[in-house]
Structures are given as C-alpha cells and as structure tokens.
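Q: need a structure here:
(one chain, ligands or ions: 1)
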Amino acid sequence: MPIKKGQVELIGTERKISLPYALNRRRGLRRLRCSLDFQGRLCLAVPWSCSENQAWDFVHSKADWIAQRWQEIQQEPGLYEFLSKQKWLSLDGEKVPLRMIQREDSAASLRAASVKEIVLQIPSAMETDRDFVLREIILGFARRVIPRRVEKLSQESGILYNRIAIRDQRSRWGSCSCSGTLSLNWRLCLVPPMVQDYVIYHELAHRRQMNHSVHFWTEVSRCCPEYKRFDTFLRQKGNRYMRLGRTGEA
Ligand SMILES: [Zn+2]
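A: From the prediction side, this is the model:
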C-alpha cells in the first residue's frame, strides 16, 4: 500500500489552511474518501484506478468542509480544560470526583485521597507546558491504578495475562501481544468506567483469540454483554480523547 505524505494548502471560502496529508492508494476501493485523523492530518484514500490529479480535485472541492473540521480540532480545549469540565476520573470501575487545586509553591501531583475523591495539585505558575505536565502525572496515576483493575477483571473473566504496560499510544486504546502483554493507553482514566472495562475485556479476549473473528466477539460479549455500546462510544469520540495531552507535539 504506497503512502505519499506531505503538506497541502487549501483555500476555503472563509480561510486558507495548510495541513499535513497522507495519500493512500488502495486496491478494491471504489470511491475517493478523505477524513481528518486524530492529529488533524488529512487522510486521503484513493482507488487504484484514480489519478492523483483527480484525487486533489476532489480534496479541493471539499476545502470548506476540511477547513471547518480542521479549525474545530485546533480550537478544542486541551487536557486542563477537559479535566476542569469533566471533574472525574475512572478509578476501580467508578467515576471518582476529581478536585483540582492550584498552589503557588507546589509540585504537580495526583493522588486518590480517599475512595471518594482524587486530588490533583498543580502549581499556579504553569501556563505554557501545563498539558504536558498533566499528561505525565495522569500517566503515572494510570500506571498505579489500571493494573489492579485489569487484575480484577482477569480474575472475574478467568482469562490470564502476563504483563501490563500503560503507555501513551497515539491512536490505540490497547493491544495484546502473543506473549500476553497487555498495553493500555493512559487515557483510559479519562473515559467512563464501563468503557475502560470494555477495553480491558477486549484485550483480555485477545488472549483467547488473536483476531477479531466471530469467536473473539463471542468471548468479549461473554465478559461484557453491552460491548457494542462502548465500542461505538470509542469509534465516535475516541479521536477527541486521543488529541488530549498532545500539546506542542508534531
Ligand atoms: Zn482487538
């Protein structure tokens, strides 16, 4: 699958934008498709029989839609604003209230003060790289709390795993290696608890089926009967979450 990458300039009715693109030629594709990915990159899927000029004509005809979507992504609130509004994190299968405290002389920290509250302390003089610092501390928090949720769900489902790694994946919620390592995204602390559980069950089910066959989904529904609802949630809103904590990165 040849992929061509670069930068494209688009002139919409109201604004001109320049954005990165990835042009992907695919056999078996019937029509041209374009979308913006979680980073705001233009992804262009081109049928094998279609010329590159036709593909770019198509993109330019959609310039207004692309420019508007791109602008929406640029204006999305960052991690700090997201947390200030949401006011909870997923912890041990519950939405636990999050209290954010700004202190002049404090280092950033995040701790579960009780089963009923998580306290996030941030220095008040931290404007520029605030989202970067927040990401680091929530990642550390996720490393402390997600493994025990995995352990619990593993016991309940009777599916064993080998190791857990909590990481900052750019687009995936989780993965499962042949050796039994479950890699999970720290952003699972930000999504509703049932969605977090679904992702854990999904990766555990890969211990039995390393594919997305009917047998795999049967295994998922055994552990998580309402999985379709949560899978839809991630399909519809996942990209928005994936953009959180990416400030200043390419
Ligand atoms: Zn999967």
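
Q: Show me the beta-bridge partners of residue 100.
A: Under the criterion DSSP bridges, residue 100 forms beta bridges with residue 120.

Q: Check the gap between it and residue 109 for me.
A: 11 Å (CB to CB, to the nearest Å). C-beta: built from backbone N, CA, C; applies to glycine.

Q: hey, what's in contact with both of those two?
A: Counting by CB atoms under 8 Å, 6 or more residues apart in numbering, the contacts common to residue 100 and residue 109 are residue 120.

Q: Helices along the protein, start to end?
A: 52-61, 63-75, 79-86, 130-157, 193-205, 214-223, 227-242 (DSSP state H).

Q: Among these, single out whichever gets nearest to residue 95.
A: Nearest to residue 95, of all the helices of the chain, is helix 193-205, at 6.1 Å by CB to CB.

Q: which other helices and strands contact that closest one?
A: Applying 3 or more CB pairs under 8 Å, 6 or more residues apart in numbering; DSSP states H and E, one finds that helix 193-205 contacts strand 88-91, helix 130-157, strand 174-176, strand 181-185, helix 214-223, helix 227-242.

Q: Tabulate the ones you listed (TSV), appending distance to residue 206.
A: Converted to TSV, the helices and strands packed on helix 193-205 look like this (distance: least, CB to CB, whole Å):
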stretch	distance to residue 206
strand 88-91	21
helix 130-157	12
strand 174-176	4
strand 181-185	8
helix 214-223	7
helix 227-242	13
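
Q: nearest to residue 105, of those?
A: The nearest among the helices and strands packed on helix 193-205, by CB to CB, is helix 130-157 at 15.4 Å.

Q: Buried ones in the helix or strand bottoming out on mean pLDDT in the chain, by neighbour count?
A: Least confident element among the helices and strands of the chain, by mean pLDDT, DSSP states H and E: strand 109-114 (a mean of 76). Along strand 109-114, these residues count as buried under the neighbour rule (16 or more other CB atoms under 10 Å): 110, 112.

Q: what does it rub up against?
A: 91, 96, 99, 118-121, 137-138, 140-141, 145.

Q: Report the angle between that strand and helix 130-157.
A: 40 degrees (axes from the mean of the first three to the mean of the last three CA atoms, to 10 degrees).

Q: ok, strand 109-114: who's next to it in the sheet?
A: Partners of strand 109-114, by DSSP bridges, with direction: strand 117-123 (antiparallel).

Q: Beta-bridge partners for residue 20, please?
A: The partner residues for residue 20, given DSSP bridges, come to residue 7.
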